[in-house]
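Novice: No letters, just coordinates:
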């Protein structure tokens, strides 16, 4: 090979590497709206609540439960999952790292260390010691120079919970409970118990654990090397997920939607004292008060956060605890977005919101209203926005974006997962239950099914999309094609062998490029030629792992992954698509939309507005600071408790 040829190849390689440079998300940010947190875990200490709220770590002053005040917050590069606090240090576990914060006298927090080598799912701390648990159990000591790893060992199975009390470490897996001594800078196994747990607590040398439908169990650990089983309650009749102990009472979340109150004054015979409705994925205590956060869970086991990321209760001996304080923020996860470039239409159930994005750096909410049932995703068709995802489709007239109005609902009589799109002017909906539907919306107040395909031996639908004359229903094994050239008759044509479809869209012909079907299937992004819409033909694939949603504008497609990546794909030549740019740093993307040279991302904790990655220059200084969101004053909470206690049940 000549020197000139080698130079050309090297230059081409460098150009490709530069094009695929990993762009930090802050470098591409044009604006953001709706910064919010969703409580994933909380720790309470010294009159403060430390909340792992997905987007980062937030500190609240809870010394007066009727006047909860935000003291500080810190954003993290990936979603925060767990948090634990000592007198001077807070540890936040994210999807990518263990973040270590120093706590100031006024509640301010300063990130001191970030470790990406733990591989942990669970953490706990006591004094100057920290344990992390995942595939390994790791013991750290906090020093002036930072965390020092002093002992580690491989667990027989991945940990499901961990608890550190003094020098005693208890780790749960799906098969065993392991007890260790953590003194002398080493982990020394003391005992193993047959069993499992999803949460643990420790009080007065007694170990309390919950394990779903296996209920609450109590062990005596006065002699940790010889643990002794004492009693159990709630087995098979409750679904216990988390717990905390206050005195002789255990508070445990059942199915994350009810709160059980257990009398454990006689640990040999614990009893269920009462149960009341309360979103309670997270429970904690400071020995006196009970702290709760969680989401409502529907009959399909899908969640909708309560908008109350922290509720504080005072225990009562004979009945359910009394609500004494709560933090009210009417925000829930941002799950869906669609945009025409001027306005973004956002779903954060139960709200539908319209955001003016004509100045991307300063997006402004101009309208909102609640919908009757949760709908996670948003689409646009003509003057309509439509919301879907949980079995029904809501039609919203947005011809005046500042005065949107719901015109009608298509009740599919189905169950999630579901999806919707349009085939010409006909709404296409499919779900895992009632089948695929062709819906006439000429009278938008009365969406009417005029054709469809029901569930049969070919499998159940999870989503749908379309083009004029053809409806496509997504099955586990492929895509079912229906000819709806006569929209009153859906004629099954074939099932395309395209399994593991996660997202699909059809880009209409443009400037010589033919109509193109783009599908994310498994770890491949595939492109299909559509000369016969009833038989799309694969013409190209790109390896792209983890893709979960696709959007396009012109000849550019964007693919987002659950891992927080965004890929820009040039498909102007569909037989030779090219990934031109890659962005990293999204937290938990749910849906994306491309319009007016911008990419809109419903990133769970905010709506992110990104510039076209082709116009982003890196490396360079990138520090995007979202607008500060103030928390309104919290009104006094009058008695009595709003949740009604249920009849006492005994195990």
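Specialist: That came through, no problem. Values in this document were obtained by computation on a predicted structure and should not be read as measured data.

Novice: CA atoms for contacts and neighbours, from now on please.
Specialist: Noted.

Novice: Report the buried residues of stretch 187-202.
Specialist: Taking 16 or more other CA atoms under 10 Å as the neighbour-count basis, stretch 187-202 is seen to contain the buried residues 187-188, 190, 192, 196-202.

Novice: average pLDDT for that stretch?
Specialist: Mean pLDDT, stretch 187-202: 95.

Novice: what's the weakest-modelled helix or strand in this protein?
Specialist: Between all helices and strands in the chain, the lowest mean by mean pLDDT, DSSP states H and E belongs to helix 3-19, at a mean of 41.

Novice: following that one, which helix or strand shows up next?
Specialist: Using DSSP states H and E, the helix or strand that directly follows helix 3-19 along the chain is strand 22-24.

Novice: what's that next one in contact with?
Specialist: By CA atoms under 8 Å, 6 or more residues apart in numbering, the list of residues contacting strand 22-24 from outside reads 581-585, 616, 618, 622.

Novice: Could you list the low-confidence segments of the stretch 1-150 of the chain?
Specialist: Scanning the stretch 1-150 of the chain for pLDDT under 70 picks out the ranges 1-21.

Novice: what pLDDT does the residue lying closest to residue 168 once chain neighbours are set aside get?
Specialist: The shortest distance from residue 168 to any residue that is not its chain neighbour, by CA to CA, 6 or more residues apart in numbering, is 5.0 Å, and that residue is residue 181. According to the predicted model, the pLDDT of residue 181 comes to 96.

Novice: Quick check: beta-bridge partners of residue 181?
Specialist: Assessed by DSSP bridges, residue 181 has beta-bridge partners residue 168, residue 188.

Novice: What's the local residue count around the residue nearest to residue 501 when sequence neighbours are not counted?
Specialist: The shortest distance from residue 501 to any residue other than its chain neighbours is 4.3 Å, reached at residue 521 (CA to CA, 6+ apart). Residues near residue 521, counting by other CA atoms under 10 Å, number 21.

Novice: How about residue 105?
Specialist: Other residues within reach of residue 105 by the criterion other CA under 10 Å amount to 7.

Novice: For residue 287, see how far away it is.
Specialist: From residue 105 over to residue 287 the distance is 22 Å, taken as CA to CA, to the nearest Å.

Novice: what's the answer for residue 166, then?
Specialist: Plainly put, residue 166 is 17 Å away from residue 287 if you go by CA to CA.

Novice: can I assume residue 614 sits in a helix?
Specialist: Yes - following the definition DSSP: H, G, I helix; E, B strand; the rest coil, residue 614 is counted among the residues of a helix.

Novice: Run through the residues that contact it.
Specialist: Remark: with contacts taken as CA under 8 Å, 6+ apart, residue 614 is in contact with 580-581.

Novice: Ok, residue 504 next?
Specialist: 465, 517-520, 549-550.

Novice: what does residue 172 give?
Specialist: Contact partners of residue 172, counting by CA under 8 Å, 6+ apart, are 159-162, 178, 196-198.

Novice: Taking the residues you listed together, which two end up most distant?
Specialist: 178 and 198 (13.4 Å; CA to CA).

Novice: related to what we said a few turns ago, in the sheet, who's paired with the residue nearest to residue 501?
Specialist: Those that pair with residue 521 in a beta bridge, by DSSP bridges, are residue 501, residue 524.

Novice: My guess is it contacts residue 503. True?
Specialist: Yes - taking CA atoms under 8 Å as the definition, residue 521 is a contact partner of residue 503 at 7.3 Å.

Novice: From residue 421, how far off is residue 447?
Specialist: For residue 447, the distance to residue 421 (CA to CA) stands at 14 Å.

Novice: Show me which of those two is the more surrounded one.
Specialist: Counted by other CA under 10 Å, residue 447 and residue 421 do not tie: residue 421 has more neighbours, with 26 against 22.

Novice: so what's the backbone phi/psi at the more buried one?
Specialist: Backbone torsions for residue 421, taken as degrees, to the nearest 10, come to phi -160, psi -160.

Novice: Need the nearest residue in space to it, chain neighbours excluded.
Specialist: residue 465 (4.7 Å).

Novice: List the residues that contact the one you found.
Specialist: Residue 465 sits next to 419-423, 428-429, 471-473, 504-505 when contact means CA under 8 Å, 6+ apart.

Novice: could you point out which element follows the one helix or strand it maps to?
Specialist: Assigned by DSSP H and E, residue 465 falls within strand 463-467. On the C-terminal side of strand 463-467, the closest following helix or strand by DSSP H and E is strand 470-474.

Novice: Just checking: what are the partner strands of that next one?
Specialist: Sheet neighbours of strand 470-474, with direction, are listed as strand 463-467 (antiparallel), strand 479-483 (antiparallel) (DSSP bridges).

Novice: what residues does that strand touch?
Specialist: With contact meaning CA under 8 Å, 6+ apart, strand 470-474 is reached by 423, 428, 430, 436, 461-466, 479-485, 501, 533-534.
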